[in-house]
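Novice: Predicted structure and sequence below. I'll ask about it afterward.
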Amino acid sequence: MTSQIGRLSPRQGLTAAALLLAIAGCSCADRAGLVESAARDSGHGGELVAAIRDDPPSFNPYVGQGTSALEVLTHLMHAPLVRIDRVTGEVQPWLAEQWSQSADGLTWTLKLRPGVKFADGSPLTSADVLFAFEAVSSPGIASAIGDSLLIDGARIRATAPDQATVVLQFPAPLGAGLQLLDNLPILPHHKLESAMKAGRLRDAWGLTTSPSEVVGLGPFRLVSYVPAERIVLERNPFYWRQDADGKPLPRLDRLTLAIVRDQDTELLRLQHGQIDIGSREIRPEDYAAVRRAVAAGTLQLADAGIGLDPNMLWFNLSPIAHAGDHRKPWLQSADLRRAISLAVDRTTVVDQVYLGAGVPVFGVVSPGNRQWYAPPSSDGFDPARARLLLSGLGLVDRNGDGVLEDRSGAAARFSVISLQSDSIRMKTVAVMQSQLRRLGILVDSVGLDAGAIVQRWASGEYDAIYFGVEATSYDPDNNLDFWLSSGSFHVWNPGQSSPATDWERRVDTLMRDARSADPLARQALFRETQAVYAAHVPVICFAAPRLSIAMSPRVIHATPVPLNPPVLWNADSLAVRR
């Protein structure tokens, strides 16, 4: 998982019921319209314009932690050995057309698809795959991709008996199998190997690099880049995929990425036909305007499902938190977290914050992740039980002023930091603040920018944070930095040298056992992991959005999904209605 700036929020005015009817009325009909349009017109050619939020830091996906723009470009310009289908979650043959696994589960032998060429016409060989594994583990580049390929802290060993075969030696069995290879785009060793050997890989493929030098195995290749304005791509004439009729993909001749930092501006440009595909889901506040545009025939609205990455509240559970302030030991109590989860009505959050365009959630795995989601055992709203839990912590109203006090006489009060520019998060904190006040708990809402939040989190100078993560995969095995106690994004107490609690030790065991288990056993183990989290509530989640993507009626063959990028993940199939 990676930290995320997040979603902006709705203004009041559209009722929850009306919004739900709008969503229900558009998603089925519009999806049917997309299918009908695709059946009428599967032609090739034309251009689409899609919005992205930021400039890429470089054109090299191996370097650093990446951004959403670089993630989009990686999907468009490059390809992995195997790909995870964003609809089904299944592994698909991609650059590797077939593979086999040894009996002990440690050795995978992959056969490369014959005839595949880079965008400059150079053939793909096993040398490019070996280069990829070496490059992402090169010292000094701090590659997030390299970190994602670690298994129990160790790297995969790649060898090649011939130009068409790659053998991968896993350091430990992995239940997810080859899924993690979806993270690794195969770049051309003939373009980048010299830079790696010279220790200059971090600087290779910078933003001033000639477009002809930036070549990949994806459906598009780079034409030009104008900072803060646009990135222009054209179809890769050497792309290896074909459609069901045997015609070469991609269908589009050109794809332009318009850099639009502001979602208000993006909506205006969508409405005026200057953009064909939005960068993310539309905000609840924009449904009314979008529905009018749909009725007028100037936009279409497609359902992408339930969001996979609900925002979450966590408390500072570091052992050094509040070390100099022994008046608030209750801040680190699981019973406090249980009481908050019971005291906040999630339906109110859905109605008031998401204007009905959301669903209540009780854990970090949302119902949008159908394969791995474990339903809650109850609806979770019980203020009376919350009061009992708080009383058990010694938090009672000692002076009759309506505010709970602890045993020292101090008011039961804590602060929650959230992203000031993100109204969804700030409004959710306001709902929580109001509902906890009814129980006598005072919550101070503190809005900061993203950099300040990260700084406060890293330094441990906070009571609680309401923020979010961005799911990079359906499979929890690909987000171990969150689940494991040693993980760098185990947000409430990251990077533990050994588990701080027995329940975290149990989760570590469950997640590691799941790595070597068969698929059904993995699901059972992860259900147990979610049950442990539900019992100890290290994070509290309230709602996940229902995602809808606004697009021009010109766009056909789109299949929006709740993972990013929601539409451009299968850009080679997109076409223009004629």
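Specialist: It's in. Numbering: from 1, shown residues only.
Novice: Please enumerate the strands of the stretch 51-200 of the chain.
Specialist: 82-84, 91-93, 96-101, 107-112, 157-162, 165-169 (DSSP state E, counting those that start in this stretch).
Novice: TSV please, covering those strands and showing mean pLDDT, distance to L207 and mean neighbour count.
Specialist: Backbone N, C-alpha and C define where each C-beta goes, glycine included. Formatted as TSV, the strands of the stretch 51-200 of the chain follow (pLDDT from 0 to 100; distance: least, Cβ to Cβ, whole Å; neighbours: other Cβ atoms under 10 Å):
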stretch	mean pLDDT	distance to L207	mean neighbour count
strand 82-84	95	27	22
strand 91-93	95	32	15
strand 96-101	97	31	15
strand 107-112	98	31	19
strand 157-162	98	30	14
strand 165-169	98	31	18
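Novice: looking at those, which is closest to M432?
Specialist: M432 lies closest, by Cβ to Cβ, to one member of those: strand 82-84, at 34.7 Å.
Novice: Of all the strands of the stretch 51-200 of the chain, which one comes closest to G46?
Specialist: G46 sits nearest to strand 82-84 of all these, at 24.8 Å, using Cβ to Cβ.
Novice: What is the closest one packed up against?
Specialist: Secondary-structure packing of strand 82-84 (3 or more Cβ pairs under 8 Å, 6 or more residues apart in numbering; DSSP states H and E): strand 91-93.
Novice: Tell me who's in contact with the closest residue to S102 other than its chain neighbours.
Specialist: Spatial nearest neighbour of S102, chain neighbours left out: W108 (7.6 Å); criterion: Cβ to Cβ, 6 or more residues apart in numbering. For W108, the contacting residues are 99-102, 167-168, 170, 177-178, by Cβ atoms under 8 Å, 6 or more residues apart in numbering.
Novice: With respect to A464, which of these is nearest?
Specialist: Nearest to A464 among those: G177, at 37.8 Å, using Cβ to Cβ.
Novice: which ones are touching that closest one?
Specialist: 91, 101, 108.
Novice: hang on, F467 packs against L419?
Specialist: Yes. Shown here, F467 and L419 form a contact pair, counting by Cβ atoms under 8 Å, at 6.7 Å.
Novice: Same drill for those two, tell me which one is more crowded.
Specialist: L419 (26 against 23; other Cβ atoms under 10 Å).
Novice: next SSE after the lengthiest strand in the chain?
Specialist: Taking DSSP state E as the criterion, the chain has its longest strand at strand 543-551. Scanning forward in sequence from strand 543-551 by DSSP states H and E, the next helix or strand is strand 555-556.
Novice: So which elements touch that following strand?
Specialist: So strand 555-556, by 3+ Cβ pairs under 8 Å, 6+ apart, packs with helix 16-40, strand 575-576.
Novice: 7 Å instead, please
Specialist: helix 16-40 (3 or more Cβ pairs under 7 Å, 6 or more residues apart in numbering; DSSP states H and E).
Novice: Touching both of F467 and L419, which residues are there?
Specialist: In the contact map built from Cβ atoms under 7 Å, 6 or more residues apart in numbering, the residues linked to both F467 and L419 are I453.
Novice: Just give the number of residues close to S497.
Specialist: Look at S497: counted by other Cβ under 10 Å, it has 7 neighbours.
Novice: Can you name the helix or strand that it falls in?
Specialist: Using DSSP H and E, S497 falls outside every helix and strand.
Novice: Let the chain start at 91 from now.
Specialist: OK, 91 is where the count begins now, so the last one is S587.
Novice: Just the pLDDT at it, thanks.
Specialist: Note for S587: predicted pLDDT of 92.
Novice: Backbone dihedrals for it, both of them.
Specialist: phi -70, psi -30 (degrees, to the nearest 10).
Novice: and it, how far is that from P409?
Specialist: Applying Cβ to Cβ, to the nearest Å, the value for S587 to P409 is 11 Å.
Novice: Same question for S314.
Specialist: Shown here: S314 relative to P409, a distance of 53 Å by Cβ to Cβ.
Novice: Specify the local secondary structure of the residue of the chain most remote from its centre.
Specialist: In terms of distance from the mean C-alpha position of the chain, N489 ranks first, at 46.8 Å (Cα atoms, centre = their mean). Classification of N489 by DSSP: H, G, I helix; E, B strand; the rest coil places it in coil.
Novice: if we can go back for a sec, quickly list what the residue nearest to S192 is bridged to.
Specialist: Counting by DSSP bridges, W198 forms beta bridges with Q191, L258.
Novice: what about F632, neighbour count?
Specialist: A count of nearby residues for F632, using other Cβ under 10 Å, gives 28.
Novice: Which pLDDT value goes with H647?
Specialist: pLDDT, H647: 95.
Novice: wait, doesn't it sit right on L664?
Specialist: Yes. The pair H647 / L664 is scored as a contact, 5.4 Å apart, by Cβ atoms under 7 Å.
Novice: can you dump the C-alpha coordinates of stretch 586-600 into PDB?
Specialist: What follows is stretch 586-600, C-alpha atoms only, in PDB (Å, rounded to 0.1, in the frame of the first residue of the first chain):
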ATOM      1  CA  GLN A 586       8.800  -3.200  14.800                       C
ATOM      2  CA  SER A 587      12.000  -5.300  15.400                       C
ATOM      3  CA  SER A 588       9.700  -7.900  17.000                       C
ATOM      4  CA  PRO A 589       6.000  -7.900  17.400                       C
ATOM      5  CA  ALA A 590       4.800  -5.500  20.200                       C
ATOM      6  CA  THR A 591       1.800  -7.600  21.000                       C
ATOM      7  CA  ASP A 592       0.700 -11.200  21.000                       C
ATOM      8  CA  TRP A 593      -2.100 -10.400  18.500                       C
ATOM      9  CA  GLU A 594       0.400  -8.800  16.100                       C
ATOM     10  CA  ARG A 595       2.600 -11.900  16.400                       C
ATOM     11  CA  ARG A 596      -0.400 -14.000  15.600                       C
ATOM     12  CA  VAL A 597      -1.100 -11.900  12.500                       C
ATOM     13  CA  ASP A 598       2.600 -12.200  11.400                       C
ATOM     14  CA  THR A 599       2.300 -16.000  11.700                       C
ATOM     15  CA  LEU A 600      -1.000 -16.100   9.800                       C
END
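Novice: All the helices of the stretch 191-340 of the chain, residue numbers only.
Specialist: Using DSSP state H, counting those that start in this stretch, the helices of the stretch 191-340 of the chain run over residues 216-226, 234-238, 279-287.
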